[in-house]
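Student: only geometry, no sequence info:
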């Protein structure tokens with residue numbers, strides 16, 4: 001049965017969420033600053049609470065099944081959005097965006113992401129309505145994406161440093177200044193109007209948003225086929241992302257196993273989509289065009305449980321490994337400090353520290369000619 005909600009609820013929800021996003025944007029424009037940990041925490045808690053309240057209202061109006069679909073979709077998109085933050089961090093670092101103006105860049109990235117995901121949601125809903133076999137394609141795509149996520153053959157850093165076609169095109173076709181002028185896109189250098197490096201940052205962010213939208217939309221359509229739930233789950237996943245960027249800070253580097261959790265979720269949803277496609281199969285060359293009755297239908301609540309467990313295990317494992325590494329570093333540094341200089345113990349301690357930090361244990365002094 002398709003989700004049917006009161007029109008006032010759908011319109012009211014979208015208007016309220018749009019006003020919240022506009023208020024967040026105006027706050028940045030009027031007072032660009034680096035948010036404190038307390039401020040970022042309060043905003044993240046506010047947005048998470050708002051999402052849970054929305055799920056509660058969905059439960060009262062539409063029932064537990066659709067409320068569960070929203071929560072599962074929101075958590076899936078939220079986990080993918082956190083992965084998106086890794087790339088945002090690298091883009092900011094690569095283009096040396098002043099920290100004071102990173103909030104504005106993030107907000108522009110969120111707006112671009114909402115527009116792109118809105119387009120993909122409408123296209124996805126229309127395609128699913130016409131051709132149920134597209135679930136086979138979505139499922140296979142998510143399984144392939146999960147494999148790429150778990151075994152990337154490289155890292156985010158190398159991907160970002162390989163500038164995309166649009167960024168290279170901008171560098172060749174327009175005049176770009178060497179330095180930033182606040183958060184402006186245009187500036188004047190020696191009487192000549194030029195673009196600032198901010199235009200390249202926005203282009204890189206936009207391309208990143210496009211790639212993540214291509215991954216995330218099939219994932220959430222594997223949980224729900226309601227365009228309203230898909231769109232609101234994406235909005236809630238992106239709201240508070242700016243504050244989460246500053247709240248997590250260096251913690252992002254410590255979430256080393258997060259991509260495995262995300263990969264497991266994508267693979268699970270991909271398999272779920274393939275089972276669903278088999279269950280509603282109409283392709284003549286598969287089972288003579290008949291539905292495959294033995295194909296299981298994975299429930300929304302099982303999906304929700306898998307998503308929560310996968311993200312919890314990935315996060316806890318990352319934090320445990322990070323804490324172990326810090327203890328090893330501290331012990332090695334203490335041993336190096338306490339060991340007499342020039343002894344074998346000191347050399348071994350220095351080697352341990354070097355292996356952890358990726359630096360040579362000693363530096364050879366320059367040789368002098370005699």
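Tutor: Nice, I can see it. Predicted model, so just to flag it, every value in this text is computed and none were measured. Numbers count the residues shown, from 1 in each chain.

Student: from here on, contacts and neighbour counts on C-alpha atoms
Tutor: Will do.

Student: in terms of helix, strand or coil, where does residue 187 fall?
Tutor: Put simply, residue 187 is strand when judged by DSSP: H, G, I helix; E, B strand; the rest coil.

Student: now do the contacts for it.
Tutor: By CA atoms under 8 Å, 6 or more residues apart in numbering, the residues touching residue 187 are 177, 181, 193-196.

Student: which residues does it bridge with?
Tutor: Counting by DSSP bridges, residue 187 is bridged to residue 194.

Student: where do the strands sit along the stretch 101-250 of the chain?
Tutor: 186-189, 192-195 (DSSP state E, counting those that start in this stretch).

Student: will you turn these into a markdown table that also has distance to residue 137?
Tutor: What follows is these, written out as a markdown table (distance: least, CA to CA, whole Å):
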| stretch | distance to residue 137 |
| --- | --- |
| strand 186-189 | 43 |
| strand 192-195 | 41 |
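
Student: roughly how far apart are residue 61 and residue 16?
Tutor: Residue 61 sits 18 Å away from residue 16, going by CA to CA, to the nearest Å.

Student: oh, I was asking about residue 255
Tutor: For residue 255, the distance to residue 16 - CA to CA - is 33 Å.

Student: okay, these two: which has more neighbours?
Tutor: residue 255 (20 against 11; other CA atoms under 10 Å).

Student: which residues are in contact with that one?
Tutor: 314-315, 318-319 are the contacts of residue 255 under CA under 8 Å, 6+ apart.

Student: excluding its backbone neighbours, what's nearest residue 283?
Tutor: Using CA to CA, 6 or more residues apart in numbering and skipping residues adjacent in sequence, the residue nearest residue 283 is residue 289, 4.7 Å away.

Student: OK, contacts around the one you found?
Tutor: Counting by CA under 8 Å, 6+ apart, residue 289 makes contact with 281-283.

Student: okay, now the unreliable bits of the stretch 51-200 of the chain?
Tutor: Applying pLDDT under 70 to the stretch 51-200 of the chain picks out residues 152-166.

Student: my read: residue 265 touches residue 310, true?
Tutor: Yes - with contact defined as CA atoms under 8 Å, residue 265 and residue 310 form a contacting pair (6.9 Å).

Student: these two: who's more crowded?
Tutor: The neighbour comparison of residue 265 against residue 310 (other CA under 10 Å) goes to residue 265, with 26 against 18.
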